[in-house]
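Participant: Take this sequence and fold it.
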Amino acid sequence: QVQLEESGGGLVQAGGSLRLSCTASGGVFSSLAMGWFRQTPGKTREFVAAISWPGGGTDYADSVEGRFTISRDDAKAMAFLQMDKLTSEDTAVYYCAGRRRLGNPRLPNVYDVWGQGTQVTVSS
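Facilitator: Residues are numbered from 1 along each chain as shown. Below is the predicted model of the structure:
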C-alpha cells in the first residue's frame, strides 16, 4: 500500500513562491496518477492540479492556471507543486493524492490514497 507525505508548506508573503513535495513510499509510485487538492476550514476539498500516468498530461483549476505547475519524478517517487504569485486566496491545507482508477481527476473520490496535508499560509 502506497503512502504519501507532503512537505514544503509554510508562511509566505503575497507574490511569493513555494514548492510543495509529495513523497511516496511502500508501493509502486510510477503507475499512480497524482493530484493536488486544498481545503480551508468549513469548505469542501478543492481540486488544484493533476498529472496523469502515463503521459504526464496536466490539468489545473482555473484559479491557479498560469501560476502553479504540477510535475512528477517517477525515479524519486515524488510529485511536486510549484506555486508562484501566491495570494491570500491560496491559503489552505494542501493534500497530494494518488489513484490508479480511471475517472475525473478533479473529483476527490476517484483517488485511492491521500497524504496528511501541509499548511500553506499567504500573508497579504
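Participant: Nearest residue to the residue most central in space within the chain in space, please, no chain neighbours.
Facilitator: In the chain, the residue lying closest to the centroid (Cα atoms, centre = their mean) is W36, at 2.2 Å. Leaving aside its sequence neighbours, W36 sits nearest to V48 (Cβ to Cβ, 6 or more residues apart in numbering; 4.3 Å). (C-beta placed from N, C-alpha, C; glycine too.)
Participant: and if you look at L18?
Facilitator: M83 (5.0 Å).
Participant: The helix or strand where the residue nearest to the centre of the chain lies: which residues count as buried?
Facilitator: Using DSSP states H and E, W36 sits in strand 33-39. For strand 33-39, burial by neighbour count (16 or more other Cβ atoms under 10 Å) applies to 33-38.
Participant: same question, stretch 65-76
Facilitator: Neighbour-count burial for stretch 65-76, with 16+ other Cβ under 10 Å as criterion, is recorded at 68-70, 72, 74.
Participant: quick check, nearest of those to R99?
Facilitator: R72 (13.3 Å; Cβ to Cβ).
Participant: mind listing what the closest one touches?
Facilitator: Taking Cβ atoms under 8 Å, 6 or more residues apart in numbering, we find R72 in contact with 34, 51, 53, 56, 78-80.
Participant: Alright, calling it a day.
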